[in-house]
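Engineer: pasted the sequence and its predicted model underneath.
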Amino acid sequence: MWLAHLPHSKRSWVSSPWVDTWVISAWSLHVLPLLAWVSSWYFNVQNIWVGYEHASYQGQQFILERGEYPQCDAFGGSNAYHIERMTSFRPISCANHRECRMTIFERENFLGRKGELSDDYPSLQAMGWCNNEVGSLRIQAGAFVCYQYPGYRGYQYIMECDRHCGEYKHFREFGSHCQTPQIQSIRRIQQ
């Protein structure tokens with residue numbers, strides 16, 4: 001059992017079955033630095049990570065930025081969806097860019113109307129985007145979180161310049177749980 005390999009002082013972190021699963025998963029993936037301090041109701045994230053609902057980076061994605069998460073519901077922020085646990089994690093290495101740049105396209109394969117983004121947009125429609133869908137996108141620098149609904153709500157899709165060479169040609173490349181090209185708000189990920 002992975003927990004047996006943790007030093008005694010770190011073993012005291014674990015005080016509930018839910019946290020037990022999280023610490024073991026984190027340790028087995030060699031991402032223990034993600035957790036600076038853990039108790040049964042408290043997580044302190046020291047870097048920027050993506051947490052996934054299922055193993056092998058599958059399922060819903062959740063951005064874990066620096067800060068405190070007093071309970072598991074805090075992972076989703078204003079996300080309307082609830083998960084019981086996260087079972088795989090990976091760091092976001094390109095989030096330290098001072099300038100984030102993205103181009104969104106109306107249709108797949110970078111076709112149709114396009115828009116250049118370099119800031120946070122709580123509503124794409126309010127900035128002039130004509131519909132509630134993005135067919136494809138290209139990240140020139142940095143990393144972004146795209147949300148299904150305005151106001152940074154709904155499913156989260158983490159888009160990075162270091163993944164897919166920054167090119168997401170079809171909405172199915174947005175994430176393994178993506179069923180629709182519906183994106184209505186976007187924000188930058190910064191360290």
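Structural biologist: In hand now; what should we look at?

Engineer: can you list the weak-confidence ranges in the protein?
Structural biologist: 1-46, 67-84, 95-97, 176 (pLDDT under 70).

Engineer: kindly recompute the last result at 80.
Structural biologist: For the chain, the stretches with pLDDT under 80 are 1-48, 51-54, 57-61, 64-88, 90, 93-98, 164, 175-178, 190-191.

Engineer: how's it carved up into domains?
Structural biologist: Partitioning the chain according to automatic domain parsing yields domains covering residues 12-91, 101-188.

Engineer: need the distance between the two termini of the last one.
Structural biologist: Between the opening and closing residues of domain 101-188 lies a distance of 9 Å (CA to CA, to the nearest Å).

Engineer: just stretch 93-106 next, same as before
Structural biologist: Note: stretch 93-106 ends 28 Å apart using CA to CA.

Engineer: other residues contacting the helix or strand where residue 103 lies?
Structural biologist: For residue 103, the host element (DSSP states H and E) is strand 101-107. For strand 101-107, contacts defined as CB atoms under 8 Å, 6 or more residues apart in numbering pick out 110-118, 124, 129-131, 133-142, 144, 159, 183, 186. Backbone N, C-alpha and C define where each C-beta goes, glycine included.

Engineer: quick one: buried residues of that strand?
Structural biologist: Using 16 or more other CB atoms under 10 Å as the test for burial, strand 101-107 gives 101, 102, 104, 105, 106.

Engineer: include distance to residue 88 when you put those residues into CSV, please.
Structural biologist: Shown next, in CSV, are those (distance: CB to CB, whole Å):
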residue, distance to residue 88
101, 28
102, 25
104, 27
105, 29
106, 32
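
Engineer: list the contacts of residue 174.
Structural biologist: The contact partners of residue 174, by CB under 8 Å, 6+ apart, come to 146, 157, 159, 168, 181, 183.

Engineer: which of these lies closest to residue 86?
Structural biologist: residue 157 (15.9 Å; CB to CB).

Engineer: number of nearby residues for the closest residue to residue 92 other than its chain neighbours?
Structural biologist: Among residues not flanking residue 92 along the chain, residue 48 sits closest, at 4.6 Å (CB to CB, 6 or more residues apart in numbering). When counting by other CB atoms under 10 Å, one arrives at 21 neighbours for residue 48.
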